[in-house]
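> Predicted model, plus sequence, below.
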Number of protein chains: 2
Amino acid sequence: MNESKRLKRSLLERLVRYCHFMQDKVLDEEITTVSSAQVAAYAELDESQVRKDLAAIGVRGTPRVGYRAADVVSTIRDRLGFDESYKAVLVGAGRLGGAIISYPGFAKYGLHIVAIVDSDPRKTGSMISGLVVQPMHRLGQIVRREQIELGILTVPRASAQVTADRLIDLEIKALWNFAPIWISVPDDVHVRNEHLSVGLADLAYHLSG
Amino acid sequence: MNESKRLKRSLLERLVRYCHFMQDKVLDEEITTVSSAQVAAYAELDESQVRKDLAAIGVRGTPRVGYRAADVVSTIRDRLGFDESYKAVLVGAGRLGGAIISYPGFAKYGLHIVAIVDSDPRKTGSMISGLVVQPMHRLGQIVRREQIELGILTVPRASAQVTADRLIDLEIKALWNFAPIWISVPDDVHVRNEHLSVGLADLAYHLSG
DNA sequence: TAGATTGTTAATCGATTAACAATC
DNA sequence: TAGATTGTTAATCGATTAACAATC
């Protein structure tokens, strides 16, 4: 396959699951190889799908043996960019910001939150996870000096788009938005909206059915 | 169409977006009708897709005029079950639990968190959003007495599956899991895993590209 | 060797897009 | 009426599944 081809979002999600499966169930139990059937059973997919996905990112298996779990993990990590390093600024030091920043898995994916910013003067100066909350007017300085590529938005809904626009103006490369709104961005900026209302709709729908 | 047909997850996501568009951009500005082209432009979809989606849930438009925004909203709300009422228990009164419970939009989707439970004796008895944090051993009582249908898991990763199993045993109908693990459930329980690592992977991938 | 499992091509299925007649 | 927009069918596209030869 063409090495530079963009991975589809659904493939990306499956790869993340494969990776978790390998790490949780396989490597811990001193199993070194897995068959596509085992992975498929775990991820509730067709085994052809698994073989195709692994082939697509360049993992090679051995007939009659399966895939080396360590190969799968390292190839996925490589293809998804987990072994590189990215700097992020978190904007919005509220409850949600605090919860996000305390998520233990960031570094494993190459992400490093190097600064926290908040517009509320009562919050600036306080410490969260070893970082001093900076005032909003320092955002530009921080982004430029630290060469920050990612902005994490945990601001209220009303300020999400303006904050995003400001970060875009500072030439941020990607945004991770937790405010309940779909942020709009130019084509060269990547945005991921984590919109709780989609989950809420999913649950309400299934509970009402 | 068959009224009882299950809606696909992707359709569900599009419907949520249509609903937000109607509420935010349209109703606020005293516009009463929208064309499929307008919705499509906002949601970055093909306009045929929009017409097909709206037809699928039974919204009828008027040629040369478009769709009544209020119709779209009320039909989506009805089909997705937002106008019914569901009780939920939140398990895990940590930072994430606090952030989730303070989300302002729950009631709009019919969801009501009626109890909070935590296994840490230092947390039980404290108040969060007007609710007293209950000890874990009351979980069964609470679920039965309040006839709770949904469990929201904001516990640490290590206790997520056991907590889920306990809620399943209490005949909960659905689980909303925020712990970084894919919860496994029997076929008759609905689970939605909000797994931050998928977002992390998506961002790492795009930043590395 | 025999048999299990990969890698890959072909077949199927479903979702998206295009087209256009119906219609207000 | 003329023309814009729906509703729906047909065409296209892509993703999933099936099948099986290659192979360890």
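Alright, I've got the coordinates. As the structure is a prediction and not an experimental result, all values here were calculated from the model. Numbering: from 1, shown residues only, chains lettered A, B, ... in the order given.
> ok, which stretches of chain A are helices?
Per DSSP state H, chain A carries helices over the ranges A:9-21, A:36-43, A:47-57, A:69-80, A:95-101, A:139-146, A:157-169, A:196-208.
> residue contacts, the residue nearest to residue A:185 when sequence neighbours are not counted?
Nearest non-adjacent residue to residue A:185, counting by CB to CB, 6 or more residues apart in numbering or on different chains: residue A:191, 4.6 Å away. In this view, the C-beta of every residue, glycine as well, is placed from N, C-alpha and C. Listed by CB atoms under 8 Å, 6 or more residues apart in numbering or on different chains, the contact partners of residue A:191 are A:164, A:174, A:175, A:176, A:177, A:183, A:185.
> For chain B, see how far away the second one is.
So the one you mean is residue A:174. For residue A:174, the distance to chain B equals 6 Å [CB to the nearest CB, to the nearest Å].
> Surely that residue and residue A:189 touch.
Yes - in this structure, residue A:174 is within contact of residue A:189 by CB atoms under 8 Å, at 6.6 Å.
> on that earlier part again, and the helices of chain A: which comes nearest DNA strand D?
helix A:47-57 (3.8 Å; CB to the nearest atom of the strand).
> and the spatially most central residue of chain A, what is it in contact with?
Nearest to the geometric centre of chain A sits residue A:109, at 7.6 Å (CA atoms, centre = their mean). Taking CB under 8 Å, 6+ apart, we find residue A:109 in contact with A:82, B:197, B:200, B:201, B:203, B:204.
> Now render the residues you listed as CSV, adding distance to residue A:168 and pLDDT.
Below are these laid out as CSV (distance: CB to CB, whole Å; pLDDT from 0 to 100):
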residue, distance to residue A:168, pLDDT
A:82, 25, 97
B:197, 25, 94
B:200, 21, 96
B:201, 22, 96
B:203, 15, 97
B:204, 20, 97
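> For chain A, give me the ranges with low pLDDT.
Counting by pLDDT under 70, chain A has low-confidence residues at A:1-5.
> Can you name the residues of it sitting close to DNA strand C?
A:34-37, A:47-48, A:51-52, A:54-55, A:59-67 (CB under 7 Å from any atom of the strand).
> which among those are in contact with chain B?
Contacts with chain B are made by none of those, judged by CB under 8 Å from any CB of the partner chain.
> Separate out the buried members of these.
For those, a burial check counting by 16 or more other CB atoms under 10 Å in any protein chain shown picks out A:34, A:35, A:36, A:51, A:54, A:59, A:61, A:66, A:67.
> from what I can see the last one touches residue A:54, true?
Yes - in this structure residue A:67 lies within contact range of residue A:54 using CB under 8 Å: 6.3 Å.
> what sits in contact with each of those two?
Common neighbours of residue A:67 and residue A:54 (CB under 8 Å, 6+ apart) are A:36, A:61.
> how many neighbours does residue A:68 have?
19 (other CB atoms under 10 Å in any protein chain shown).
> surely it meets residue A:32?
Yes - using CB under 8 Å, residue A:68 is in contact with residue A:32, at 6.2 Å.
> quick one on the thing from earlier: can you name the residues that contact the closest residue to the residue nearest to the centre of chain A other than its chain neighbours?
Among residues not flanking residue A:109 along the chain, residue B:200 sits closest, at 4.2 Å (CB to CB, 6+ apart). The contact partners of residue B:200, taken as CB under 8 Å, 6+ apart, are A:105, A:106, A:109, A:111.
> I'd like the distance from stretch A:62-72 to the chain centre, please.
The chain centre lies 26 Å from the centre of stretch A:62-72; the measure is CA atoms, centre = their mean, to the nearest Å.
> same check, this time on stretch A:41-49
For stretch A:41-49, the distance to the chain centre is 23 Å (CA atoms, centre = their mean).
> How about stretch A:190-202?
Relative to the centre of its chain, stretch A:190-202 is centred 13 Å away, using CA atoms, centre = their mean.
> Could the C-alpha coordinates of it be exported in CSV?
Extracted C-alpha coordinates of stretch A:190-202, given in CSV (Å, rounded to 0.1, in the frame of the first residue of the first chain):
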residue,chain,number,x,y,z
HIS,A,190,-7.3,18.9,12.6
VAL,A,191,-10.1,19.0,15.1
ARG,A,192,-11.6,16.2,17.2
ASN,A,193,-14.8,17.1,18.9
GLU,A,194,-15.6,14.9,22.0
HIS,A,195,-19.2,15.7,22.2
LEU,A,196,-20.9,14.2,25.2
SER,A,197,-24.3,14.7,23.6
VAL,A,198,-23.6,12.0,21.0
GLY,A,199,-23.2,9.5,23.8
LEU,A,200,-26.2,10.9,25.6
ALA,A,201,-28.3,10.4,22.4
ASP,A,202,-26.9,6.9,21.9
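> Show me how the record splits chain A into domains.
Listed by automatic domain parsing, the domain ranges of chain A are A:9-79, A:86-198.
> Now render those domains as TSV, adding distance to residue B:142.
Shown next, in TSV, are the domains of chain A (distance: least, CB to CB, whole Å):
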stretch	distance to residue B:142
domain A:9-79	30
domain A:86-198	23
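> Relative to the centre of chain A, pull out the residue lying furthest away.
residue A:64 (34.7 Å).
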